[in-house]
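Enquirer: fold the following for me, if possible:
(4 chains)
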There are 2 protein chains.
Amino acid sequence: MKKQYLALVEQLEAHGYRLTPQREIVLSILSETDKHVSAETLLLRVRQVYSRANKSVVYRNLDLLAQLGLISCVDLGQGRVEYEVHRHPHHHHLVCRHCKQVIEVSANAFAALQRELLERHGFAADMDHLAIFGLCRKCQSQQAAHSGHHPHAL
Amino acid sequence: MKKQYLALVEQLEAHGYRLTPQREIVLSILSETDKHVSAETLLLRVRQVYSRANKSVVYRNLDLLAQLGLISCVDLGQGRVEYEVHRHPHHHHLVCRHCKQVIEVSANAFAALQRELLERHGFAADMDHLAIFGLCRKCQSQQAAHSGHHPHAL
DNA sequence: GTTGCAAATGCAACTCGTTGCAATTGTAGC
DNA sequence: GCTACAATTGCAACGAGTTGCATTTGCAAC
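Expert: Numbering: from 1, shown residues only, chains lettered A, B, ... in the order given. Below is the predicted model of the structure:
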């Protein structure tokens, strides 16, 4: 994954941003991780290398990377945001609001929608790393079974 | 809009929830408002009627209404969530991440995607009140104009 | 290697929203 | 109208993320 790390550094420098120690660590950890990380987890890992690492610095670096389109953020409904270096092809997340399962789907399914939004509204949708909530197959049948529910029964 | 208020009350009672003064006020304000309200705004309006209204109570009532599918929440990227009684037909939001403009689109455009997710993944997507980020027509051309940007130039 | 200065950091205080828990209240059954 | 008990409330503390501002640092020019 060294390649990915170098690509990130290159992008940053191309835009005139500095390469500070803390930033370097954040970049290297992100590029070594092939799934989503929460900011908190990331901070803990950064601190294993640089123990005085600071919360706001990590957040600011994540914001910067996201603004440059180098990483994506997604809120899978667990009360915290997860970050990940862009993968190709892009993917999205179907989150079951009952069993919390997350299904990854490729971006292909969303291409038609993207095209339509562009044609009809002139809107260039980001269409990366969407989280769509709903019910998975299993939980749909469960829900059908007992539809008349009571307070606190959820 | 009296009709809408009564429908909300009916739904709550049908599920065995109580009709408390604070709840009543939240319901009536929500049903009188035909656009999104933030929790903070809602709390202020509730307090105009019942000055000792409490933050967590308002949040809890909003959560409850959302869980019953009576209202929808959407995060338009301003660091706070907006709430609204369900309208028919459903609509979604295209949020320009540059000029912050919000374009409302009908849910029709999303029906095909919803169908595909169901067929291919057995996933019943909620598909209500999505916020999709991207660039509006105007900001796309602006962005094209000066693509080599510098720190703090965003 | 110094210097200048914007970029980056550290910190503390803040915002929005959530949660645990004890106190209160709505309502169904008597 | 009581009573019982779960639903609801009030409060204070918490958690994730943001922000303002003074300080420090990377780096480019000399």
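
Enquirer: just the angle for the helix or strand harbouring A:Ala111 relative to helix B:108-121, thanks.
Expert: In the assignment (DSSP states H and E), A:Ala111 maps to helix A:108-121. Taking axes from the mean of the first three to the mean of the last three Cα atoms, to 10 degrees, one finds helix A:108-121 and helix B:108-121 inclined to each other by 170 degrees.

Enquirer: quick check: neighbours of the helix or strand following helix A:108-121 in the sheet, parallel or antiparallel?
Expert: On the C-terminal side of helix A:108-121, the closest following helix or strand by DSSP H and E is strand A:124-125. Strands that pair with strand A:124-125, judged by DSSP bridges, come out as strand B:131-135 (antiparallel).

Enquirer: and the strand it pairs with, does that touch DNA strand D?
Expert: No - if you take Cβ under 7 Å from any atom of the strand as the test, strand B:131-135 misses DNA strand D, and the best it gets is 13.8 Å. Quick note: C-beta positions are derived from backbone N, CA and C, even for glycine.

Enquirer: who's in contact with that strand?
Expert: A:117, A:123-127, A:130, B:74-77, B:92-98, B:143 (Cβ atoms under 8 Å, 6 or more residues apart in numbering or on different chains).

Enquirer: let me see the mean pLDDT of it.
Expert: Across strand B:131-135, pLDDT averages out at 93.

Enquirer: do the same with stretch A:62-81
Expert: Rounded mean pLDDT across stretch A:62-81 is 93.

Enquirer: endpoints of it, how far apart?
Expert: 11 Å (Cα to Cα, to the nearest Å).

Enquirer: so for that stretch, what gets flagged as buried?
Expert: Neighbour-count burial for stretch A:62-81, counted by 16 or more other Cβ atoms under 10 Å in any protein chain shown, picks out A:Leu62, A:Leu64, A:Leu65, A:Leu68, A:Leu70, A:Ile71, A:Ser72, A:Cys73, A:Val74, A:Leu76.

Enquirer: if we can go back for a sec, quick one, which of the contacts of strand B:131-135 are buried?
Expert: In terms of neighbour count (16+ other Cβ under 10 Å), the buried residues within the contacts of strand B:131-135 are A:117, A:123-127, A:130, B:74, B:76, B:92-96.

Enquirer: picking that back up, please work out the average pLDDT along the helix holding A:Ala111.
Expert: 94.

Enquirer: for stretch A:16-33, same thing?
Expert: Mean predicted confidence for stretch A:16-33 is 95.

Enquirer: just the buried positions in it, please.
Expert: Buried, per 16+ other Cβ under 10 Å, within stretch A:16-33: A:Tyr17, A:Gln22, A:Arg23, A:Glu24, A:Ile25, A:Val26, A:Leu27, A:Ser28, A:Ile29, A:Leu30, A:Ser31, A:Thr33.

Enquirer: so which residues on chain A come close to DNA strand D?
Expert: Residues of chain A lying near DNA strand D (Cβ under 7 Å from any atom of the strand): A:18-21, A:38-40, A:55-56, A:59-60, A:63, A:79-81, A:150-152.

Enquirer: one step back: residues contacting the helix holding A:Ala111, please?
Expert: Here helix A:108-121 makes contact (Cβ under 8 Å, 6+ apart) with A:89, A:92, A:123-125, A:127, A:130, B:94, B:103, B:105, B:109-110, B:112-113, B:116-117, B:120, B:132, B:134, B:137.

Enquirer: follow-up on the earlier one: export the buried ones among the contacts of strand B:131-135 to TSV and tack on distance to DNA strand C?
Expert: Output for the buried ones among the contacts of strand B:131-135, formatted as TSV (distance: Cβ to the nearest atom of the strand, whole Å):
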residue	distance to DNA strand C
A:Leu117	26
A:Phe123	24
A:Ala124	26
A:Ala125	23
A:Asp126	21
A:Met127	24
A:Leu130	20
B:Val74	10
B:Leu76	10
B:His92	19
B:His93	15
B:Leu94	20
B:Val95	15
B:Cys96	20
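
Enquirer: of these, just say which sits nearest to A:Leu44.
Expert: A:Leu130 (27.4 Å; Cβ to Cβ).

Enquirer: wait, the closest one sits on A:His91?
Expert: No - with contact defined as Cβ atoms under 8 Å, A:Leu130 does not reach A:His91; the gap is 9.3 Å.

Enquirer: for A:Cys139, grab the count of nearby residues.
Expert: Neighbour count of A:Cys139, defined by other Cβ atoms under 10 Å in any protein chain shown: 18.

Enquirer: give me the three-state assignment for it.
Expert: helix (DSSP: H, G, I helix; E, B strand; the rest coil).
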